[in-house]
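[1] Next one to model:
(chains A and B)
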There are 2 protein chains.
Amino acid sequence: MSAAEPKPVSMFDVARRAGVSHQTVSRVVNDAPMVAAATRAKVKAAIADLGYRPNRSARTLAGGTVRSVTVFTFDTSLYGTAETLRGIEDAASAAGFTVLVSVLDPEQTYTEGDILGRLSHDGAPAIVIAHDETTHRARRILRKAQPGAVVATGDDMLLAEPDADDWLVPLDDRLVAKRATKYLLSMGHRTVHYLAMPGKARRQDGWSEALVEAGIEPHEVVRSGWTIGSAAAAAAGLVADPEVTAIMCGNDDLAFGVLHAAHHAGRSIPGDLSVIGCDDSPMAAYHVPGLTTVDLDFRGVGRSAFELLRQRLEGGPKPRPAWRSPELIVRETSGPPRQRGPHPL
Amino acid sequence: MSAAEPKPVSMFDVARRAGVSHQTVSRVVNDAPMVAAATRAKVKAAIADLGYRPNRSARTLAGGTVRSVTVFTFDTSLYGTAETLRGIEDAASAAGFTVLVSVLDPEQTYTEGDILGRLSHDGAPAIVIAHDETTHRARRILRKAQPGAVVATGDDMLLAEPDADDWLVPLDDRLVAKRATKYLLSMGHRTVHYLAMPGKARRQDGWSEALVEAGIEPHEVVRSGWTIGSAAAAAAGLVADPEVTAIMCGNDDLAFGVLHAAHHAGRSIPGDLSVIGCDDSPMAAYHVPGLTTVDLDFRGVGRSAFELLRQRLEGGPKPRPAWRSPELIVRETSGPPRQRGPHPL
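    Reported below is the predicted structural model:
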């Protein structure tokens, strides 16, 4: 692009000229209802004056009245993914966009053509919920093919990608797990064990950092699948060991599996064993006993990802993140370890 | 269409001529791997001999190597929807189709243009997971616009639609709830109360039929929202009433809410109160106590819906339904009512 090429007119320039909000400009451009006739005329005049042309990728080829965004994601039945998607849908629907979801199978390797072929049209805007190697790869492909029309959300490994840019909504999974582990240590547990989901290494990193900073050598991580059942099976050894007094789990479903296994092993919660999840899924508050976990506001993350994409398409300033900070929710599955005699050396 | 117009050549005609399966023809048509060169040549010869042209709606406009199906659905975070979607994705992926998901907001009214605009291209094949008025309406719109490229799954109210055809995968929700209610009555409960989800009236119909057939006047249904929390609040009155000994719930999440409320009201399960869900969601087996519920094999339903769509596109015979019959899974939340003195008249 030559330096002499004029900066394209943005929706914000039109808004300033017409003396209205950029949302109003967006509504006029997209023939949305709820705009007074006089306002509409003012906006149309400003558009004509400035020679504003809406970003092509913000509009479909089919006449420009339906705008869509394609979301690339991992398994939508997981709580974090489902909630992020709900947040994207809420914000997109309010802005008059339709959402198409494309679920990528972690077992498959997709070519560039496979990924781009899933867009509703060439250059269609996309959000990637980057969660595993397959979704990260999809993000790279989209970023390369249409850098101006893609936004990604995921854990903070996004920031470490070689092509990382500012159009990301990263969640600090490492910090989340670190704080939860520190909370358990602060109650007097001599160590904390970790039950890991497939992939998703950042939470595990945070757990191990908390231990190392406290001068504790982390035990080997125990690996689980995604289901409650696989967690119950994977944790059988941990819950049978009376030396294990605290387990941090990769997510809430894994924690429910551990609690089930602990119940059948006759261990009392939290007297014999503290268990912490991560997600604050709907069951967490209604499980008996209530699950201590971390609220991650995935829905807010999804809404933020959509707003970021919209600003990107419309040439507006980068919006501030609008989700709640992760928060430890202490319920009934965590507490100090039972008093015991001195540790046998 | 005039009576003299020849019947179009189908993939099955090609398969017969080439002496291969229709799946092999499908693979050749779609340039999929795993076909021996000699077989490919045989199929191509048969295609040329018969003048076979693949169904346009089975192939995208972008060169015909990527085929997609758009799934219209209600809230994807509900277990039944998420699992049906997984079943569709499994079968579609195995057949080389990509799946795009379009979530419809139950609060919105969509025009014909809104619905058709969400297809990846005009005539693109679609599956509707029909679950509420909005999704039923989408099915009608698609059925009218492109009758040969749409299949629907949902409860048996689908069969009562004025435009009902053979391309449906209905689940008999009424029968499911009737059997579960009869099971509770067979254990000696004098009546069964019902906690209802929004919409979804067929399960409720089955519950009330079972009672009426047993000569019992059904109590007023208690209404809940979709969340565990709303169910716990809605059931507060039921669980506080010692005359209530059995509650059938619209789905498992509602049952978890009832169990939480019962725990806090100090009622023992199943001694004081039997609770039955519907879905057999992953938590049901791992809840303490284990939830008695009905396994509905939503994943099998999803797979069947995709296979039905594929046969429809390829002009093949209607496949037989390939999902497991609903099955009552008796766990620990149901049992006979406690022995009591004669009922005070």
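[2] quick one: the strands in the stretch 151-300 of chain A?
    A:168-171, A:193-196, A:222-223, A:246-249, A:274-276, A:293-295 (DSSP state E, counting those that start in this stretch).
[3] what does the fifth one contact?
    In this structure, residues lying in contact with strand A:274-276 by C-beta atoms under 8 Å, 6 or more residues apart in numbering or on different chains are A:180, A:183-184, A:187, A:189, A:245-249, A:255, A:258-259, A:262, A:269, A:291-294, A:333-335, A:337. No exception for glycine: its C-beta is placed from N, CA and C like everyone else's.
[4] do the same with the fourth one
    For strand A:246-249, the external contacting residues (C-beta under 8 Å, 6+ apart) are A:177, A:180-181, A:184, A:189, A:191-195, A:207, A:231, A:235, A:238-239, A:255, A:258, A:273-278, A:334, A:337.
[5] Recalculate using a threshold of 6 Å.
    With contact meaning C-beta atoms under 6 Å, 6 or more residues apart in numbering or on different chains, strand A:246-249 is reached by A:180-181, A:184, A:189, A:192-195, A:207, A:255, A:258, A:274-277.
[6] go on, the last one?
    Surrounding strand A:293-295, the residues in contact under the criterion C-beta under 6 Å, 6+ apart are A:Val176, A:Ala180, A:Asp252, A:Gly277, A:Cys278, A:Asp280, A:Ala284, A:Pro326, A:Glu327, A:Leu328, A:Ile329.
[7] just the first one next, same as before
    Judged by C-beta under 6 Å, 6+ apart, the contacts made with strand A:168-171 from elsewhere in the structure are A:Ala152, A:Thr153, A:Asp155, A:Asp156, A:Leu158, A:Leu159, A:Val301, A:Ser304, A:Ala305.
[8] please redo it, this time with the cut-off set to 10 Å
    Contact with strand A:168-171 is made by A:80, A:84, A:127-130, A:139, A:151-161, A:164, A:202, A:296-298, A:300-309, A:321-323, A:326, as judged by C-beta atoms under 10 Å, 6 or more residues apart in numbering or on different chains.
[9] Neighbouring strands - and their directions - for that strand?
    Applying DSSP bridges, strand A:168-171 is found paired with strand A:150-155 (parallel).
[10] And the third one, by the same measure?
    Strands that pair with strand A:222-223, judged by DSSP bridges, come out as strand A:193-196 (parallel).
[11] quick one: average confidence on the partner strand?
    For strand A:193-196, mean pLDDT is 97.
[12] I'd like to know how many residues surround the closest residue in space to A:Lys144 that isn't next to it in sequence.
    Spatial nearest neighbour of A:Lys144, excluding adjacent residues (C-beta to C-beta, 6 or more residues apart in numbering or on different chains): A:Asp163 at 7.7 Å. Using other C-beta atoms under 10 Å in any protein chain shown, A:Asp163 is surrounded by 9 other residues.
[13] need the contact list for A:Asp163.
    The contact partners of A:Asp163, by C-beta under 10 Å, 6+ apart, come to A:Arg139, A:Arg140, A:Arg143, A:Lys144, A:Pro147.
[14] Save those as CSV, and put in pLDDT, distance to A:Ala37 and neighbour count too.
    Compiled in CSV, the contacts of A:Asp163 are given as follows (pLDDT from 0 to 100; distance: C-beta to C-beta, whole Å; neighbours: other C-beta atoms under 10 Å in any protein chain shown):
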residue, pLDDT, distance to A:Ala37, neighbour count
A:Arg139, 95, 43, 26
A:Arg140, 94, 46, 18
A:Arg143, 93, 41, 21
A:Lys144, 92, 44, 11
A:Pro147, 88, 38, 12
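[15] After the worst-scoring helix or strand of chain A on mean pLDDT, which helix or strand is next?
    Among the helical and strand segments of chain A, the one scoring lowest on mean pLDDT, DSSP states H and E is helix A:22-29, with a mean of 70. Counting by DSSP states H and E, the next helix or strand C-terminal to helix A:22-29 is helix A:37-50.
[16] show me the residues around A:Asp75 that make contact.
    A:Asp75 neighbours (C-beta under 10 Å, 6+ apart): A:Thr81, A:Ala82, A:Val103, A:Leu104, A:Asp105, A:Pro106, A:His131, A:Asp132, A:Trp226, B:Ala82, B:Arg86, B:Glu89.
[17] quick one, phi psi at it?
    Dihedral pair for A:Asp75: phi -30, psi 110, per degrees, to the nearest 10.
[18] State the distance from it to A:Asp90.
    Remark: distance between A:Asp75 and A:Asp90 (C-beta to C-beta, to the nearest Å) = 20 Å.
[19] near chain B, which residues of the stretch 101-250 of chain A show up?
    Residues of the stretch 101-250 of chain A lying close to chain B by C-beta under 10 Å from any C-beta of the partner chain are A:101-105, A:107-108, A:110, A:113-122, A:226-229, A:231-232.
[20] Filter those down to the buried ones.
    Among these, those that count as buried by neighbour count (16 or more other C-beta atoms under 10 Å in any protein chain shown) are A:101-104, A:110, A:114-121, A:226, A:228-229, A:231-232.
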